[in-house]
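Peer 1: quick one, what's the 3D model for this:
(one chain, ligands or ions: 1)
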Amino acid sequence: MRLTPLTANTFRSDGGAMFGLVPKALWEKRCPAHGDNTIDQRANVILVETDDGKMGLVDTGCGDPEWYGERERELHGLESEWLLPQSLAALGLDFADIDWIVLTHAHWDHAGALTDPDGTPVFPNAAVYLRETELDSVLGGDPLLYKSYPPKVVQSFQGLSERIFPAADNTPGKASGPAPGVTILPASGHTEGQACILFDAPRLAGSDAIPQLALFAGDNCPTQHHLRMVFQTAYDTFPLKTRAWKRSWLAKCAEEDILLLFSHDPELFGAWLHADPKHEFVISKPYAGGPVA
Ligand SMILES: [Zn+2]
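Peer 2: Sure thing, here's the model as predicted:
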């Protein structure tokens, strides 16, 4: 299996919302803010080529910025260029080549490219996998979740219902995943149905390393600046579960040399970690991805 991290979109998020309880005086040292208090973000996705010749994508990014109104684009600092089709084209691929998609969760910046505004599937041949709990949250219309799942995303799921494969929590192993060596791991925290995706012994674009495991953390650990337990987003639906997940999985990453892949980091696609008595976890080796335009 080979992983190629790609940036689907660039956008900006409110820095305070991205760091929750942490005072700006602390997060701004690591992550400088623009004048409007936003910080740079990438919507990163992982292209997965499995040994059976199939192609998968973990998360889809925001979709075409043109699909959003001017106000939304402004609010999210969504850059006008849609990078995903360009990045795939640079590898000789287009949307029709993608056989499966796994979603860490269904927020707009992860599941925004499933269909265009007319409801036409963007990936005409892809089966879509996500946790059953997350699908229930998308379709359940719980007003307590406020704007977590905007109408456009809900409509995408309704329109694609025949090719959506919910992964039940009690079968998180390979059988319920989209391909051998790709595991959908229940990781409630950022959302109740959050999944992290584990890859067995992947080769990596732009690196000679072959880690035993790589872990795409979704928004439980969106950037290199979220390694400390309380550096977590204010969007987290179950903040203590995010902390518990980090305490257990970041420790595992450090102990077992697992490559941690970031969903929104503006500079790095991932990193290897080690435990640090003062800072909990720090980067021992960055992973910047491959030479893809
Ligand atoms: Zn999210």
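Peer 1: how about the residues of the stretch 1-150 of the chain near the ion?
Peer 2: His107 (C-beta under 5 Å from the ion). The way it works is simple: take the backbone N, C-alpha and C, and place the C-beta from them, glycine included.
Peer 1: repeat that for 6 Å
Peer 2: Contact residues (C-beta under 6 Å from the ion) of the stretch 1-150 of the chain with the ion: His105, His107.
Peer 1: now the helices for the stretch 1-150 of the chain?
Peer 2: 15-19, 24-30, 70-75, 83-90, 108-111, 132-140 (DSSP state H, counting those that start in this stretch).
Peer 1: including mean pLDDT, could these go into CSV?
Peer 2: Shown next, in CSV, are these (pLDDT from 0 to 100):
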stretch, mean pLDDT
helix 15-19, 97
helix 24-30, 95
helix 70-75, 93
helix 83-90, 96
helix 108-111, 97
helix 132-140, 95
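Peer 1: highest mean neighbour count out of these?
Peer 2: helix 108-111 (a mean of 25; mean count of other C-beta atoms under 10 Å).
Peer 1: run through who's touching that helix.
Peer 2: Applying C-beta atoms under 8 Å, 6 or more residues apart in numbering, the set of residues contacting helix 108-111 from outside is 9, 11, 41, 43, 59-62, 76, 103-105, 150, 152-153, 156-157, 218-219, 263-264.
Peer 1: now with 7 Å?
Peer 2: With contacts defined as C-beta atoms under 7 Å, 6 or more residues apart in numbering, helix 108-111 is touched by Phe11, Ala43, Asp59, Thr60, Gly61, Cys62, Leu103, Thr104, Pro150, Val153, Ser156.
Peer 1: are any of these buried, and which?
Peer 2: Phe11, Ala43, Asp59, Thr60, Gly61, Cys62, Leu103, Thr104, Val153, Ser156 (16 or more other C-beta atoms under 10 Å).
Peer 1: wait, the fifth one touches Leu84, no?
Peer 2: Yes - if you go by C-beta atoms under 7 Å, Gly61 and Leu84 touch, sitting 5.6 Å apart.
Peer 1: so what's in contact with the two at the same time?
Peer 2: Common neighbours of Gly61 and Leu84 (C-beta under 7 Å, 6+ apart) are Ala8, Val45, Ala113.
Peer 1: contacting residues for the residue in the stretch 1-150 of the chain positioned nearest to the ion?
Peer 2: Closest approach between the stretch 1-150 of the chain and the ion, counting by C-beta to the ion: His107, at 3.5 Å. Neighbour list for His107: Ser148 [criterion: C-beta under 7 Å, 6+ apart].
Peer 1: how near is it to Leu273?
Peer 2: 25 Å (C-beta to C-beta, to the nearest Å).
Peer 1: residue boundaries of the strands in the protein?
Peer 2: 2-14, 38-49, 55-58, 100-102, 127-131, 164-167, 182-186, 195-200, 203-204, 213-216, 259-261, 270-276, 280-287 (DSSP state E).
Peer 1: can I get those strands in a markdown table with mean pLDDT?
Peer 2: Listed next are the strands of the chain as a markdown table, based on pLDDT from 0 to 100:
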| stretch | mean pLDDT |
| --- | --- |
| strand 2-14 | 96 |
| strand 38-49 | 97 |
| strand 55-58 | 98 |
| strand 100-102 | 97 |
| strand 127-131 | 95 |
| strand 164-167 | 91 |
| strand 182-186 | 92 |
| strand 195-200 | 96 |
| strand 203-204 | 96 |
| strand 213-216 | 98 |
| strand 259-261 | 98 |
| strand 270-276 | 97 |
| strand 280-287 | 97 |
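Peer 1: columns distance to Lys246 on top of the ones you listed, output as JSON lines?
Peer 2: Formatted as JSON lines, the strands of the chain follow (distance: least, C-beta to C-beta, whole Å):
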{"stretch": "strand 2-14", "distance to Lys246": "19"}
{"stretch": "strand 38-49", "distance to Lys246": "18"}
{"stretch": "strand 55-58", "distance to Lys246": "19"}
{"stretch": "strand 100-102", "distance to Lys246": "21"}
{"stretch": "strand 127-131", "distance to Lys246": "19"}
{"stretch": "strand 164-167", "distance to Lys246": "22"}
{"stretch": "strand 182-186", "distance to Lys246": "14"}
{"stretch": "strand 195-200", "distance to Lys246": "11"}
{"stretch": "strand 203-204", "distance to Lys246": "23"}
{"stretch": "strand 213-216", "distance to Lys246": "12"}
{"stretch": "strand 259-261", "distance to Lys246": "10"}
{"stretch": "strand 270-276", "distance to Lys246": "11"}
{"stretch": "strand 280-287", "distance to Lys246": "8"}
